[in-house]
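[1] Sequence first, predicted coordinates after that:
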2 protein chains.
Amino acid sequence: MKKLINDPNLVVDDMLQGMVAAHPEYLKKLDNANVLIRNDSPIKGKVALVSGGGSGHEPAHGGYVGKGMLNAAVAGSVFTSPTPDQIFEAIKAVDGGKGTLLVIKNYTGDIMNFEMAKELADMEDIKVETVVVDDDVAVENSTYTAGRRGIAGTVFVHKIAGAKAETGASLEEVQKTAKKVVQNVRSMGMSLSSCIVPAAGKPNFKLAEDEVEIGMGIHGEPGTHREKISTSDEITTHLMGKILKDMSLNSKDEVAVMINGLAATPHMELYIVNKKVSEILKEKGIVVHKTFVGEYMTSLEMAGFSITLLKLDEELKELLDAPSDTPAFKVI
Amino acid sequence: MKKLINDPNLVVDDMLQGMVAAHPEYLKKLDNANVLIRNDSPIKGKVALVSGGGSGHEPAHGGYVGKGMLNAAVAGSVFTSPTPDQIFEAIKAVDGGKGTLLVIKNYTGDIMNFEMAKELADMEDIKVETVVVDDDVAVENSTYTAGRRGIAGTVFVHKIAGAKAETGASLEEVQKTAKKVVQNVRSMGMSLSSCIVPAAGKPNFKLAEDEVEIGMGIHGEPGTHREKISTSDEITTHLMGKILKDMSLNSKDEVAVMINGLAATPHMELYIVNKKVSEILKEKGIVVHKTFVGEYMTSLEMAGFSITLLKLDEELKELLDAPSDTPAFKVI
């Protein structure tokens, strides 16, 4: 295992220290839990947003803590759900009296633990609501998941629900907007290589030299199939076909696009993917309002990418364009 | 070769199309050359900044075209200097009558071709000055380089000289500030793996399973030595030692820090590196003004990272903090 780490059991602690040292203008860490919160917490009169999950997806989720996005990010062990206690500490630290929305990616462990944290909060009369993101169209049910998995589309939920919360909207309104994003966002990915969880020390699967996996999850969960690697255009066309089939998009509809690198894939290749994505959308008369290309929801050192499309209406467009200021997601 | 590409000979063209499709609010491409320019070019009354080099370092340099940074980025073939003609086309497209500064990384091909472009511009009475970045403390002279190599510190030159140009400063003033950045910026990197230039189709070097190269360049040029992989803290301490030895930093001096991923290295590991960087600086009483962690000057799919320190004075600090709005570098 060739990694820039000190101790497989300390990767999350070391990382969180490094994040706070890098971004003290945005973040602080709770003393009693692996939770990063806005350094101006709690913010009175604003619904708080809390998200998180297993580590290994950086900059998700700590990189999205800041103005216009999350109030807290809860960091579990690598690819492992955070505990209910941890999540509850996050809620207590950031709730400003107007309630807290939990943004949960659809994995069984996350659902269970975030729901238990909500129950703990209910007992202390903190109003908490949840939204579950399941944007991955690749497969129904999967390792760790009933239904569809939540992947990079989650970042759009953070951004848009975060902007809604900044307007002073109520918890119910923020939740409603977050659910609207979930209803309108679809993603699908693929991978060219595996990754190694530090504590495991070896790859959780293997692909042959000329083989890729289509529909792979962000923890290496199986996708739809493996195939010989083809061209970027062919792979992109296949993923876009699956995504578009699952959305009702018509000519002149507007979308936001995210081309998300899982880690090892060069930005050069992500832009080559975006060339084909933009061509496909243009052919269909679908208008691209904004495109994000980079690493937003990664999978340790895996090579691969995902495409996310979000169908926009006037509200979603306005909230997507609203300013955000976080370590990893800035909208000016 | 497992890459998301269509044709090894078309990677730069496909990528530039994908970049313009992703960021039309910032960029357009020249019809007659692989050059990305600000879409509001030329800008009257402002010194223009032109940079670039071989492709494969994305988001450098196209990702830094926008308000407060570059006016144009010239894209050569992968790891290959752009031609003088290309650079000259960039100058002509963005010069707003106040002159153009060329920001050149110290590689023999780049120096030669940017200097020739300057001569072409001189003949057409366009005022052009140059600044050469040579921040890599690893080795003197190297493949492609006389003296030291230019690496991730170049991004600080783009940022700060770009901010200076926005103030309406003269070409001489912008050049002077850019040179001040060069005098005060130092970097050093290491790699855990090689990368494959698409047209070559095979890795340009090999490292053993437990081996890393210290001081490696961003095109795979040899570093100072190879060694068995140790901990992140040990590697970081070694690189910081070399960098600090080459700088005159005293307690209470202020620096900007960049932890730059070469591509395949997870953000998690970059933050683990930053933990140690911040500890070392703190021990010495050196004040970190701002830290940037991410992929700024990559090397195709190589695993590894570099550390950059920039010693700040009041002018550099103010210009670093000035707003910039580009696809890959936003300061609010």
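    Ah, there it is.
[2] Can you verify A:Lys164 is assigned to a helix?
    Yes: the assignment for A:Lys164 is a helix, going by DSSP: H, G, I helix; E, B strand; the rest coil.
[3] burial measure for whichever residue of the stretch 51-200 of chain A sits closest to chain B, as a count.
    With C-beta to the nearest C-beta as the measure, A:Glu58 is the residue of the stretch 51-200 of chain A nearest to chain B, at 3.7 Å. To be clear about C-beta, it is placed using only N, CA and C from the backbone, and glycine gets the same treatment. Residues near A:Glu58, counting by other C-beta atoms under 10 Å in any protein chain shown, number 26.
[4] A:Met258 too?
    Counted with other C-beta under 10 Å, A:Met258 comes out at 25.
[5] what's the answer for A:Gly45, then?
    Other residues close to A:Gly45 by other C-beta under 10 Å number 8.
[6] Is it in a helix, a strand, or coil?
    Assignment for A:Gly45 (three-state DSSP): coil.
[7] correct me, but it touches A:Gly96?
    Yes: if you go by C-beta atoms under 8 Å, A:Gly45 and A:Gly96 touch, sitting 6.4 Å apart.
[8] quick one, what contacts the nearest residue to A:Gly261 once chain neighbours are set aside?
    Excluding the flanking residues, the one nearest A:Gly261 by C-beta to C-beta, 6 or more residues apart in numbering or on different chains is A:Glu295, at 4.5 Å. Shown in contact with A:Glu295 (C-beta atoms under 8 Å, 6 or more residues apart in numbering or on different chains): A:59, A:260-263, B:267, B:294-295.
[9] Same check on A:Val12?
    A:34, A:55, A:75-78.
[10] Mind putting those residues into JSON lines with pLDDT and distance to chain B?
    Below are the contacts of A:Val12 laid out as JSON lines (pLDDT from 0 to 100; distance: C-beta to the nearest C-beta, whole Å):
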{"residue": "A:Asn34", "pLDDT": "98", "distance to chain B": "13"}
{"residue": "A:Ser55", "pLDDT": "98", "distance to chain B": "7"}
{"residue": "A:Ala75", "pLDDT": "98", "distance to chain B": "10"}
{"residue": "A:Gly76", "pLDDT": "98", "distance to chain B": "13"}
{"residue": "A:Ser77", "pLDDT": "98", "distance to chain B": "12"}
{"residue": "A:Val78", "pLDDT": "98", "distance to chain B": "8"}
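[11] Out of these, who's the most crowded?
    A:Ala75 (29 neighbours).
[12] Which helix or strand contains that one?
    Under the criterion of DSSP states H and E, A:Ala75 resides in strand A:72-78.
[13] buried set for stretch A:182-200?
    Using 16 or more other C-beta atoms under 10 Å in any protein chain shown as the burial criterion, the residues of stretch A:182-200 that qualify are A:182, A:184-198.
[14] How about stretch A:312-323?
    Across stretch A:312-323, burial judged by 16+ other C-beta under 10 Å covers A:312, A:316-317, A:319-322.
[15] nearest to B:Ile111, of the residues you listed?
    Taking C-beta to C-beta as the measure, A:Asp321 is the one of these closest to B:Ile111, at 41.9 Å.
[16] Run a quick neighbour tally on A:Met116.
    15.
[17] From the buried residues of stretch A:182-200, which land in strands?
    Counting by DSSP state E, the buried residues of stretch A:182-200 place A:185-191 in strands.
[18] Now the two most distant members of those residues.
    A:Val185 and A:Ser191 (20.5 Å).
[19] got the residues of the stretch 101-250 of chain A near chain B?
    Proximity of the stretch 101-250 of chain A to chain B (C-beta under 8 Å from any C-beta of the partner chain) is limited to residues A:192-193, A:209-210, A:212, A:229, A:231-233, A:235.
[20] Now do the strand holding A:Ala75: everything it contacts.
    Contact partners of strand A:72-78, identified using C-beta under 8 Å, 6+ apart, comprise A:11-12, A:15-16, A:33-38, A:41, A:48-56, A:60-62, A:64-65, A:82-83, A:86-87, A:90-91, A:93-94, A:197-199, A:300.
[21] Buried subset of those as a ChimeraX selection?
    Selection of the buried residues among the contacts of strand A:72-78 in ChimeraX, burial being defined by 16+ other C-beta under 10 Å:
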select /A:11,12,15,16,33,34,35,36,37,38,41,48,49,50,51,52,53,54,55,56,60,61,62,64,65,82,83,86,87,90,91,93,94,197,198,300
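[22] so which pair among the contacts of A:Glu295 is furthest apart in space?
    Maximum distance among the contacts of A:Glu295 (C-beta to C-beta): 15.3 Å, for A:Leu262 and B:Gly294.
[23] about what we covered before: using TSV, lay out the buried residues of stretch A:312-323 together with secondary structure and distance to chain B.
    Compiled in TSV, these are given as follows (DSSP: H, G, I helix; E, B strand; the rest coil; distance: C-beta to the nearest C-beta, whole Å):
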residue	secondary structure	distance to chain B
A:Leu312	strand	16
A:Leu316	helix	18
A:Lys317	helix	14
A:Leu319	helix	18
A:Leu320	helix	13
A:Asp321	helix	11
A:Ala322	coil	13
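[24] And the helix or strand in which A:Glu119 is found, what's buried?
    Assessed by DSSP H and E, A:Glu119 sits inside helix A:108-123. Of the residues in helix A:108-123, A:109-111, A:113-115, A:117-118, A:120-121 count as buried by neighbour count, 16+ other C-beta under 10 Å.
[25] A:Leu262 and B:Gly294: which is more packed in?
    Legend: neighbour count by other C-beta under 10 Å for A:Leu262 and B:Gly294, higher for A:Leu262 (29 against 21).
[26] Please enumerate the helices of chain A.
    A:11-22, A:84-94, A:108-123, A:153-166, A:171-184, A:232-245, A:267-283, A:314-321 (DSSP state H).
[27] and these as TSV, adding distance to A:Val132 and mean pLDDT?
    Converted to TSV, the helices of chain A look like this (distance: least, C-beta to C-beta, whole Å; pLDDT from 0 to 100):
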stretch	distance to A:Val132	mean pLDDT
helix A:11-22	24	98
helix A:84-94	14	98
helix A:108-123	7	98
helix A:153-166	10	98
helix A:171-184	7	98
helix A:232-245	19	98
helix A:267-283	26	98
helix A:314-321	18	98
